[in-house]
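Enquirer: Output the structure for:
(2 chains)
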Amino acid sequence: MMADLLAVPFLACLVLTGIHAYLGLHVLARGVIFVDLALAQVAALGMTAGLLAGHAPQSDAAYGWALAFTGGGAALFALTRERRGVVPQEAIIGIVYAVTAALTVLVLDRVPQGSEYIKQLLVGSILAVTADEVLRVAALYAVVGVFHWLARGPMLALSSGGAPPRAALWDFAFYFTFGLVVTSSVRVAGVLLVFSYLIVPAVIGAWLARGLGRRLLIGWAVGVLVSALGLALSYLADLPTGATVVATFGAVLAIVGLSRGMLALAHRVRREGARALAGLGVAIGSMVALAGVGLALFPRADHVWLDGLEGFVPVVQTAFLTPYERGVVNGSRAAIARGRTELRRLRALDADAQWGLRALSPEEQERLRQFLAGRDELVAGDLLVLRTLRDKARERQRLPLGIPLALGGATLALLAFRWGRSNAGMPGGRSTR
Amino acid sequence: MLLALVVAATLNVAATTSDLRDLVAAVGGDRVTVANLTDPRQDPHAREIHPRQIALLRAARLLVRVGLDHEPWLARALRTTGTPAADLDCSKGLTLLGTETARLRPDSRPHVHAFGNTHYWLDPENARPITARIVDALSALAPDQREVFAANRARFLARLDEGLARWTESLRPYRGSRVVVVHDTWLYFARRFGLTIAATVEENPGVPPSPAYLGRLMERMRTTGVRVVIAEPGAPPALLRRLTEGAQARVVTLAPSVASDPEASDYLALFEVNVRRLTAALAGR
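Expert: Numbers count the residues shown, from 1 in each chain, chains lettered A, B, ... in the order given. You can find the predicted model right below:
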């Protein structure tokens, strides 16, 4: 069933990867990261203007409106690039974004179901994309791709800061083809997903390699990998598809970024010795100290780190509970597990009855519903018991745990700081950098 | 002079929705001036406050609202304008549905309304208690008009009864039918006319369903033969298309509020048009 549902969305993701990873490298080189959001917003404004003119949101007429507006936006960006000076182009792009977003709100206020459309534009519906739509955008992107291949000379020169002949015209061509792609993609996948496909593969490519060709290959690989991973995750974990793919992009970027940071640190350790870790020591020490101070001052606040720690090492909590309380915790945990299993079973039964797969009289169904509600409340009650006992433990953890953490963390941070400083003054230390 | 007196004598009422506005107008007749604060063609939950709403609230002596958590924007608006002399929360005293997951919700399924489903005006029977309370609220502000209000209400209820008999008759052949709804709007309507809601497509409006959920849903629709999907205007078109193709669904768009659809011009027409469209869809036409 998974393959059957996700085949077409996956194809759509591949098509998006193909063109966006390439355009993303251009956008990155030009330093106009938000041009994508701005042009998508201009396209959205065009689409809403089309709605106001009486066309349906998914109609070709609305798409035509969107394209016309995108052309205007492309011309604006091509013109503003000429006047390089005090104001960077990102400023213009930001202003265009804010103003068109506000105009969209104003227009949508007059359009039936306006806010629904805003949400739909943002989130998109990659899951509901049809094969026909994928074919259409694939054909369009093939044309755009061929154009960019033929015009790669002036396009690349422009993006890397050069000034080929007829620069303004080429600039317009770049922004217009870019707008064309963004407008078409947003219709299929929504603004957030399109932005991720544009920028994340390009950033990872730029991090890991030099040269356009290699960066592009890495970008494509990342796009394909994340698409497959995100779609599978969304199916298996039962999550909305578009948002899951965007989050997967974020996670992959974070993993690559962290690995890069670790590698750089390892490099420095090899060059400068263990003292290169001083900065890390200061950071970790300060965080530990802050966590300790927070626990000592506000024991009842949400200490997520402590919850996580107690999840792995339950003794951190149970050590602060009386034997009786420990028994209550265990009892509640078991009751919650039992209750949840029971709830799942009853919910399935209820759903079957709703679908008519199982004959239940109205009285039986009502009883089932009451029972479900009761079970729900019981589980909620047990959760409340756990929470109360956790709060009790927190009151007792407050000083014995909070103060050593605060002092230990502060000491670590201070020592690491002094170590790093003394290091900086020594020959062969940081000063040689 | 006389005209000025008449104008001064009408009561200014602000209703949050077009449905409540229509019920107030039915009871108040020419003795009240009533306006709705939200556009029925827009999402009632996600409103930004307009200057017009502030002006209407300032001028109103009576505020009529859906209550529960249907108007999250209202509290902020009232902070600027102050509460009108009288404030009628129509949800009080009604039998609410969808309340069972109210408080702590351990295995929380996504849902919008924390205190029960708010779309209670879609059960025409609920118009009885609501209009009774509107009569009381208006009479408290204009005691000498009580008889007029009561007579207006009686006339309205007579027409409602007529309609109700007709609507019930039209939907009688389909009692016990199962339908799928796009959003959680039709609980009261379905219960009144004996329909069973088998599933909701978008449990949280604006958050698309996960692929696994959509797959299960279409699978169930195919195996059980449930075909009719009730949508609202503005439901995501791509999703509806997917359901039509993947589960041979017949999507019928009903009007959730007065004036959310050109044909649903008032409270009675709302049911007229919804019942007509729904019977056509259930009959497979």
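
Enquirer: use CA for all of it now, contacts and neighbours both
Expert: OK.

Enquirer: how about the helices in the stretch 1-150 of chain A?
Expert: A:2-30, A:35-52, A:60-82, A:89-108, A:114-123, A:131-150 (DSSP state H, counting those that start in this stretch).

Enquirer: helices or strands up against the lengthiest helix in chain A?
Expert: When chain A is parsed with DSSP state H, its longest helix is helix A:362-425. Counting contacts by 3 or more Cα pairs under 8 Å, 6 or more residues apart in numbering or on different chains; DSSP states H and E, helix A:362-425 is packed against helix A:278-297, helix A:315-318, helix A:323-355.

Enquirer: could you list every residue that touches residue 11?
Expert: By default, I'm working from chain A. Neighbouring residues of residue A:11 by Cα atoms under 8 Å, 6 or more residues apart in numbering or on different chains: residue A:134.

Enquirer: actually it's chain B I care about, not the one you picked
Expert: B:31-33, B:60-61.

Enquirer: Same question for residue A:92.
Expert: Applying Cα under 8 Å, 6+ apart to residue A:92 gives the contacts A:77, A:80.

Enquirer: Please tell me how far residue A:252 sits from residue A:259.
Expert: Distance of residue A:252 to residue A:259, given as Cα to Cα, to the nearest Å: 11 Å.

Enquirer: higher neighbour count, those two?
Expert: residue A:252 (17 against 12; other Cα atoms under 10 Å in any protein chain shown).

Enquirer: Give me the buried positions along whichever strand or helix holds the more buried one.
Expert: Secondary structure from DSSP states H and E places residue A:252 in helix A:241-272. Neighbour-count burial for helix A:241-272 flags A:241-249, A:252-253, A:266, A:268, A:272 (criterion: 16 or more other Cα atoms under 10 Å in any protein chain shown).

Enquirer: quick check, nearest of these to chain B?
Expert: Checking these against chain B with Cα to the nearest Cα, the nearest one is residue A:241 at 6.0 Å.

Enquirer: which intervals of the chain have sub-threshold pLDDT?
Expert: I'll assume chain A. Low-confidence segments of chain A, defined by pLDDT under 70: A:1, A:82-85, A:423-433.

Enquirer: Please refer instead to chain B.
Expert: Ranges of chain B meeting pLDDT under 70: B:1-9, B:43-48, B:100-114, B:206, B:285.

Enquirer: at 50 what do you get?
Expert: B:1-7, B:102-111 (pLDDT under 50).

Enquirer: who does the longest helix along it touch, helix- and strand-wise?
Expert: When chain B is parsed with DSSP H, its longest helix is helix B:146-171. Counting contacts by 3+ Cα pairs under 8 Å, 6+ apart, helix B:146-171 is packed against helix B:18-28, helix B:127-141, helix B:267-282.

Enquirer: Kindly provide the distance from residue A:172 to residue A:33.
Expert: Taking Cα to Cα, one finds residue A:172 at 17 Å from residue A:33.

Enquirer: just residue B:67 next, same as before
Expert: Computed as Cα to Cα, the residue B:67 to residue A:33 distance reads 44 Å.

Enquirer: re the thing from before, would you reformat the buried residues of helix A:241-272 as CSV and include distance to chain B?
Expert: Shown next, in CSV, are the buried residues of helix A:241-272 (distance: Cα to the nearest Cα, whole Å):
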residue, distance to chain B
A:241, 6
A:242, 9
A:243, 9
A:244, 10
A:245, 12
A:246, 14
A:247, 14
A:248, 15
A:249, 18
A:252, 21
A:253, 23
A:266, 41
A:268, 45
A:272, 50
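
Enquirer: Contacts only, for residue A:291.
Expert: Residues counted as contacts of residue A:291 (Cα under 8 Å, 6+ apart) are A:402, A:405-406.

Enquirer: With respect to chain B, which of the residues you listed is nearest?
Expert: Nearest to chain B among those is residue A:402, at 30.2 Å by Cα to the nearest Cα.

Enquirer: Show me the residue at the heart of chain A, geometrically.
Expert: Chain A has residue A:247 as the residue nearest its centroid, 3.6 Å off, counting by Cα atoms, centre = their mean.

Enquirer: now for the one helix or strand residue A:225 maps to, which elements pack on it?
Expert: Secondary-structure element containing residue A:225, defined by DSSP H and E: helix A:212-236. For helix A:212-236, the packing partners by 3+ Cα pairs under 8 Å, 6+ apart come out as helix A:2-30, helix A:191-208, helix A:241-272, helix B:211-224.

Enquirer: Return the distance of that helix from the chain's centre.
Expert: 14 Å (Cα atoms, centre = their mean, to the nearest Å).
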